[in-house]
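> Show me the folded form of this:
(2 chains)
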Amino acid sequence: AQKVTQAQTEISVVEKEDVTLDCVYETRDTTYYLFWYKQPPSGELVFLIRRNSFDEQNEISGRYSWNFQKSTSSFNFTITASQVVDSAVYFCALNGGGGADGLTFGKGTHLIIQP
Amino acid sequence: DSGVTQTPKHLITATGQRVTLRCSPRSGDLSVYWYQQSLDQGLQFLIQYYNGEERAKGNILERFSAQQFPDLHSELNLSSLELGDSALYFCASSVGTSRREQYFGPGTRLTVT
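Numbering: from 1, shown residues only, chains lettered A, B, ... in the order given. Got it, this is the predicted structure:
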């Protein structure tokens, strides 16, 4: 069975601080895909990134960066110089290589950026 | 805007009733997924359709069913509703199988009273 753990239920930081959201996953699949989604207060789920299990290169997109480490089964997400608009619930998700399953989500981390 | 549309936005109904939630995927996407988000269970995958055929089932109750029509829109039918079915129901779509990123609709908030 697959599992995604986001141990941080809530994080609160002051604007401009850097913050890292942790994600640890479990899967028996050798090929799998990892995702991060953002759920702002308005409620929709916004896709941020997809990473496959063969690609361990870190990715940077503006103030966002992701660190994938297969050795520790982690896929952490860092926001640099946080802004109030980053306040949201962030979900890490996993999809196995079978291709036909839905996403397995973590419980989410509620990120609060204080002005 | 993800390009996935869901109707209605809100639905309030009584226990024992039946409701239908509707989803239109992004143009060109063949896969439709349904998810339930509740405080107790978090985000859970319910079912996937690909080009009209059921492709995968998750934690979907027997009281729930879905279908995908030739124009690729999908409906999720919830029957014999219970208080515990109150949740946010999301539809998502992707180009092919779930190896690809899924784009989510705005959700339907169901309240069962």
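
> ok, now how distant is A:Val85 from A:Pro115?
11 Å (CB to CB, to the nearest Å). C-beta coordinates here come from the backbone N, C-alpha and C atoms, glycine included.

> Can you check which residues contact both of these two?
Common neighbours of A:Val85 and A:Pro115 are not found (criterion: CB atoms under 8 Å, 6 or more residues apart in numbering or on different chains).

> List the contacts of the nearest residue to A:Leu45 once chain neighbours are set aside.
Nearest residue to A:Leu45, sequence neighbours excluded (CB to CB, 6 or more residues apart in numbering or on different chains): B:Phe104, at 3.9 Å. The contact partners of B:Phe104, taken as CB under 8 Å, 6+ apart, are A:Tyr37, A:Glu44, A:Leu45, A:Val46, A:Phe47, B:Ser2, B:Val4, B:Tyr35, B:Phe90, B:Cys91, B:Ala92.

> So what's the predicted local confidence for the third one?
Reported pLDDT at A:Leu45 in the predicted model: 96.

> Please report phi then psi for it.
Here is the backbone geometry of A:Leu45 (degrees, to the nearest 10): phi -100, psi 120.

> what residues does chain B put near chain A?
Within chain B, the positions adjacent to chain A are B:2, B:33, B:35, B:42-48, B:50, B:55-56, B:58, B:88, B:90, B:92, B:97-107 by CB under 8 Å from any CB of the partner chain.

> Just put the contacts of B:Phe104 in JSON lines and tack on secondary structure.
Shown next, in JSON lines, are those (DSSP: H, G, I helix; E, B strand; the rest coil):
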{"residue": "A:Tyr37", "secondary structure": "strand"}
{"residue": "A:Glu44", "secondary structure": "coil"}
{"residue": "A:Leu45", "secondary structure": "coil"}
{"residue": "A:Val46", "secondary structure": "strand"}
{"residue": "A:Phe47", "secondary structure": "strand"}
{"residue": "B:Ser2", "secondary structure": "coil"}
{"residue": "B:Val4", "secondary structure": "coil"}
{"residue": "B:Tyr35", "secondary structure": "strand"}
{"residue": "B:Phe90", "secondary structure": "strand"}
{"residue": "B:Cys91", "secondary structure": "strand"}
{"residue": "B:Ala92", "secondary structure": "strand"}
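
> Lowest average confidence across helices and strands of the chain, where is it?
Just so you know, I chose chain A. strand A:59-61 (a mean of 90; mean pLDDT, DSSP states H and E).

> Sorry, I should have been clearer: chain B.
strand B:53-57 (a mean of 92).

> Tell me the gap between it and the middle of its chain.
Offset of strand B:53-57 from its chain centre (CA atoms, centre = their mean, to the nearest Å): 13 Å.

> Would you mind listing what in chain A touches chain B?
Counting by CB under 8 Å from any CB, the residues of chain A near chain B are A:33, A:35, A:37, A:43-47, A:50, A:52, A:91, A:95, A:97, A:99-108.

> could you redo the last one with a cut-off of 6 Å?
When proximity is defined as CB under 6 Å from any CB of the partner chain, chain A approaches chain B at A:33, A:43-45, A:47, A:50, A:95, A:99-102, A:105, A:107.

> Tell me how many other residues crowd B:Tyr33.
B:Tyr33 has 28 neighbours, counted by other CB atoms under 10 Å in any protein chain shown.

> which secondary structure element contains the residue in chain A that chain B sits nearest to?
Nearest to chain B, among the residues of chain A, is A:Gly102, at 2.9 Å (CB to the nearest CB). For A:Gly102, there is no helix or strand it lies in under DSSP states H and E.
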